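Chemist: Predicted model and sequence below, questions to follow.
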Amino acid sequence: MLIQAARTDFQVRDEGTGSPILLVHGFPLDHSMWNGQWETLTESYHVIAPDLRGFGLSGGAKNVITMADFADDLAEILDMMRVDEPITFCGLSMGGYIAWEFLRLFPERVQRLILCDTRASADTETVRQSRVQLAERVLEEGTGFLAQDMSKKLFSPLTRASQPELVTHMESVMRSCDPLAVAGATLGMSQRRDFTDFLTEIEIPALLICGSDDAITPVSEMQTIADQMPQAKLEIIPGAGHMAPLEAPAAVNAAILNFLGETDA
Ligand code: MLT
């Protein structure tokens with residue numbers, strides 16, 4: 001459905017009834033990265049998967065898109081959909097950076113967290129500089145080079161060999177991204193807060209999911225988060241990379257359903 005919000009238009013895939021689960025995609029992708037969760041989760045939950053500002057079919061690209069901008073957008077989308085009850089916020093990578101910010105801004109709106117292949121720390125100075133360069137290059141050259149570079153890092157060697165259609169699909173999503181949105185989100189990520197010190201205060205249930213072969217966010221990174229969050233448990237998905245939910249949907253869905261069943265109100 002198309003949501004005509006005050007700031008811009010958002011494309012949102014929305015199906016099912018029950019307690020709401022918000023699925024927030026990573027960078028530079030769109031809602032289709034959750035295809036592997038769709039059928040399973042919509043059987044028992046109201047599943048909402050927006051294209052973030054500037055990505056997929058949503059509008060609103062701008063020079064810098066901060067994690068707080070994305071979080072504000074998501075709150076507005078939920079308002080417009082009249083979703084008032086606390087949600088399960090499920091985000092992958094950049095979607096996880098947005099989850100921390102959403103939780104900071106709207107704590108009463110989050111019942112529980114599912115964080116896939118993400119980190120709580122801010123960028124190092126070196127990563128920050130490489131993001132600035134990436135933003136400049138994408139505005140000059142477009143997204144072709146990024147699709148190629150990222151696709152090597154997103155998937156595990158096993159997935160690249162056994163499910164090449166997933167790689168092809170995500171490369172085409174990345175190639176069709178608006179360069180302004182890619183540059184804006186890159187700069188937004190480079191400016192994001194460090195949430196490390198906040199982790200011990202997060203009292204809501206959390207499921208952390210990480211592909212065993214994630215080349216962008218190694219398991220050790222997520223283990224550190226799990227160790228600090230009072231109610232978190234970590235599930236490592238064997239053979240999967242950074243896109244664990246897409247690469248290994250059966251294992252990820254089993255972990256999610258188990259967590260939701262244990263923590264349903
Ligand atoms: C993502 O998958 O969202 C990105 O790899 C996050 C990042 O660049 O830090």
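Modeler: Cool, got the structure.
Chemist: Could you report the separation of the residue of the stretch 151-265 of the chain found nearest the ligand from residue 118?
Modeler: Per CB to the nearest ligand atom, residue 216 is where the stretch 151-265 of the chain lies closest to the ligand, at 4.8 Å. C-beta coordinates here come from the backbone N, C-alpha and C atoms, glycine included. Residue 216 sits 9 Å away from residue 118, going by CB to CB, to the nearest Å.
Chemist: now swap in residue 41 and tell me
Modeler: In terms of CB to CB, residue 41 sits 19 Å off from residue 118.
Chemist: Could you do residue 205 as well?
Modeler: Counting by CB to CB, the gap from residue 205 to residue 118 is 17 Å.
Chemist: Which one of the two is surrounded by more residues?
Modeler: Applying other CB atoms under 10 Å to residue 205 and residue 118 shows that residue 118 carries more neighbours, namely 26 against 19.
Chemist: The more buried one: what secondary structure?
Modeler: Taking DSSP: H, G, I helix; E, B strand; the rest coil as the rule, one finds residue 118 in the coil state.
Chemist: Next one: it, what pLDDT does it get?
Modeler: pLDDT recorded at residue 118 is 98.
Chemist: Spit out the contact partners of it.
Modeler: Counting by CB atoms under 8 Å, 6 or more residues apart in numbering, residue 118 touches 91-97, 99, 217, 222.
Chemist: Which members of the residues you listed define the maximum pairwise distance?
Modeler: 94 and 222 (15.0 Å; CB to CB).
Chemist: Stretch 54-64 - what's its average pLDDT?
Modeler: For stretch 54-64, the mean confidence score works out to 97.
Chemist: Report the buried residues of that stretch.
Modeler: For stretch 54-64, burial by neighbour count (16 or more other CB atoms under 10 Å) applies to 54-56, 58-62.
Chemist: Endpoints of it, how far apart?
Modeler: One end of stretch 54-64 sits 11 Å from the other (CA to CA, to the nearest Å).
Chemist: Could you do stretch 19-38 as well?
Modeler: Counting by CA to CA, you get 15 Å between the two ends of stretch 19-38.
Chemist: That stretch near the ligand at all?
Modeler: Yes. Using CB under 6 Å from any ligand atom, stretch 19-38 comes into contact with the ligand via 26-27.
Chemist: Can you tell me the SS state at the closest residue to residue 210 other than its chain neighbours?
Modeler: Excluding its sequence neighbours, the residue lying closest to residue 210 (CB to CB, 6 or more residues apart in numbering) is residue 222, at 4.3 Å. Three-state call for residue 222 (three-state DSSP): helix.
Chemist: residue contacts, residue 222?
Modeler: Contacts of residue 222 by CB under 8 Å, 6+ apart are 115, 117-119, 208, 210, 234.
Chemist: filter those down to the ones close to the ligand.
Modeler: For the ligand, no contacts are drawn from those by CB under 6 Å from any ligand atom.
Chemist: Farthest pair within those?
Modeler: Maximum pairwise distance among the contacts of residue 222 (CB to CB): 13.2 Å, between 119 and 234.
Chemist: burial of residue 175, as a residue count?
Modeler: Burial of residue 175 is recorded as 16 neighbouring residues (other CB under 10 Å).
Chemist: for residue 105, same thing?
Modeler: Neighbour tally, residue 105, other CB under 10 Å: 14.
Chemist: Now residue 13: phi and psi?
Modeler: When read as degrees, to the nearest 10, the backbone of residue 13 gives phi -90, psi 130.
Chemist: Beta-bridge partners for it, please?
Modeler: Taking DSSP bridges, one finds residue 49 as the beta-bridge partners of residue 13.
Chemist: returning to what we had before: from the buried residues of stretch 54-64, which ones fall inside helices?
Modeler: Per DSSP state H, helices hold no members of the buried residues of stretch 54-64.
Chemist: picking up where we left off before, quick one: which of the contacts of residue 118 sit in strands?
Modeler: 91-92 (DSSP state E).
Chemist: And the helix or strand where residue 138 lies, what's buried?
Modeler: Element membership for residue 138 (DSSP states H and E) is helix 125-141. Using 16+ other CB under 10 Å as the burial criterion, the residues of helix 125-141 that qualify are 131, 134-135, 138.
Chemist: dump the residue contacts of residue 187.
Modeler: By CB under 8 Å, 6+ apart, the residues touching residue 187 are 63-65, 131-132, 135.
Chemist: If anything else comes up later, I'll come back, but that's it for now.
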